[in-house]
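Participant: Predicted coordinates and the sequence they were generated for:
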Amino acid sequence: MKTYFSYVWHSLIRGVILLVVAFSVFSCSEQPAWPPPPGGGGEAFPDLKTNAMAMQQWQDMRFGMFVHWGPVALQGTEIGWSRGREVPISVYDSLYLRFNPMRFKADEWISLAKEAGMKYFVITTKHHDGFSIWPSKYTDYDIESTPFKRDVLREMQLACEKHGILFGTYHSILDWKHPHYTTRYNDPRPVEESDMSIYKEFLFNQVEELVEDYQTNILWFDGQWEASWTHQDGMELYKFIRDLKDDILINNRVDKGYKSMAGMTDSVAKYAGDFGTPEQRIGGFNRDFPWESCITVGEQWAWKPDDQLKTSEELILTLIKTIGGNGNLLLNVGPMPDGRIEPRQVELLKEVGRWLQVNGEGVYGTRGGPYLPNNQLVTTHKGQDVFVHVMDDNLKEIILPLPEGIRVRAVSLLGGNRVSYTTDKENLRIEVPDRLPAAPAYVLRIRINRPAHLLDDIKLEW
Ligand code: FHN
């Protein structure tokens, strides 16, 4: 027999369940439906748009590991560029015969990426020097012809899958070694007998291997700038890849629209590509076209003995300024010839990871703004939260303009407690807590009364 008490109790439980369901539906409905990304196949394929879900997931990740590696690590000079320059071509092109990185462990690299707070991974499959880091069906100048023989790319793919890190690949369009690529670099070989149609078939075949055999999720092209590669070639390659795998992301260096300084694309309608690629610099604030800064931990892309490395503070501030501009950061390490990432770089990445363990809520799944960056702070936002990344720990008060209709529900310090604040008709005034986490930046979370992505960009007048 049901007693009155059990009836009341069950009604209460049912009511709580209904409330939880209603709240979760409402809060999910608060999740922003990000505007469709503008990129795609360019003017030749105007209806071929960037895969919106793939782009949203990639932007949510915000932070990835870039790796430039190959037999050139034996020399310690720059990959591709030192061939025929600091290193005679005959010497450079024979390095693979000595390449035997016996201490290479893909799991170690990806475990480090994970500990650093990186969510995706991009490795050079073939750089400008033409060496393929997987056993390609289309060349013998590849990993299978080295003493090491192991399929580095497969091992990286499997390690990424094991650790839940998105697997991506860098591939150089230009190839200064291939006989049919018609632009030479410090190389006396004539090009009269060279046939770009033969080279393009080789390039497309290798790209198909990366997509079909290794299921890459990101094709990070480079080396698009020489006359041998045309705008039409770029759009054709973009379409070819998307026909193979629709939910892949392809950067703007597949085509000719890359603007070197800004790293963005001259015209998204004209040129193919899904995201912009400012290099060795932090891109400008841009919520219209997705972008990613690629930056080295040291000064060289490939490993160099005693390279001048950035500090962990510099790396953390670089990450903050990048996401504050609505970009992703692809941070590059150059592994050593024995297959290890050098201990100095390992420690730097672990430092970044420790900062992200406290402040990751203000990074992952966010977008830049709504307050435009300045020298003291940048902001990111997610749902009804605005995150203020404060890079100046001398500030005693932070004043943020409040757009009409915006109400502040709470302010708190990530990794800390609630923070005192006052509001008037125009501003939010935050009293900076006395005790702050370790430098180089602390993050405040401001919960407001509506989805922050609806706010327009707000300029800070200070
Ligand atoms: O020439 C390359 C360079 O070696 C490196 O790969 C960077 C990073 O993507 N991209 C080119 C320089 O713009």
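Facilitator: That came in fine, so what should we check first?
Participant: Residues of this protein that sit close to the ligand?
Facilitator: I79, G80, W81, D222, E279, C294, W301 (CB under 6 Å from any ligand atom). C-beta here means a position set from N, CA and C on the backbone, and glycine is covered the same way.
Participant: which of these has the most neighbours?
Facilitator: G80 (29 neighbours; other CB atoms under 10 Å).
Participant: Mark which of the residues of the chain next to the ligand are part of strands, please.
Facilitator: D222, C294 (DSSP state E).
Participant: Closest one of the residues of the chain next to the ligand to P451?
Facilitator: C294 (30.5 Å; CB to CB).
Participant: ok, that closest one - contacts?
Facilitator: By CB atoms under 8 Å, 6 or more residues apart in numbering, the contact set of C294 is F66, T277, P278, E279, Q280, L330, N332.
Participant: can you pull the pLDDT of the last one?
Facilitator: With respect to pLDDT, N332 has a value of 98.
Participant: And the first one, by the same measure?
Facilitator: As predicted, F66 sits at a pLDDT of 98.
Participant: Verify the stated contact: it with L329.
Facilitator: No - F66 is beyond contact range of L329, at 9.4 Å (criterion: CB atoms under 8 Å).
Participant: So F167 is in contact with Q215, correct?
Facilitator: Yes - between F167 and Q215 there is a contact under CB under 8 Å: 7.2 Å.
Participant: Neighbour count: those two, which is higher?
Facilitator: F167 (21 against 13).
Participant: Can I take it that the more buried one is in a strand?
Facilitator: Yes - according to DSSP: H, G, I helix; E, B strand; the rest coil, F167 belongs to a strand.
Participant: In the beta-sheet assignment, what are the partners of S132?
Facilitator: S132 forms beta bridges with K126, D142, as assigned by DSSP bridges.
Participant: doesn't T139 make contact with it?
Facilitator: Yes - between S132 and T139 there is a contact under CB under 8 Å: 5.8 Å.
Participant: Show me the common contact partners of these two, please.
Facilitator: Common contact partners of S132 and T139 (CB under 8 Å, 6+ apart): Q206.
Participant: Between the two, which is the more surrounded one?
Facilitator: The residue with more neighbours, out of S132 and T139, is S132; 26 against 19, by other CB under 10 Å.
Participant: quick one: that one from the ligand, how far?
Facilitator: 15 Å (CB to the nearest ligand atom, to the nearest Å).
Participant: Contacts only, for the closest residue to G263 other than its chain neighbours.
Facilitator: With CB to CB, 6 or more residues apart in numbering as the criterion, G263 has its nearest non-adjacent residue at 2.9 Å, and that residue is P278. Residues in contact with P278, defined by CB under 8 Å, 6+ apart, are M261, A262, G263, M264, W291, E292, S293, C294, G327.
Participant: could you flag which of the residues you listed are buried?
Facilitator: Buried residues within these, counting neighbours by 16 or more other CB atoms under 10 Å: A262, G263, M264, W291, E292, S293, C294, G327.
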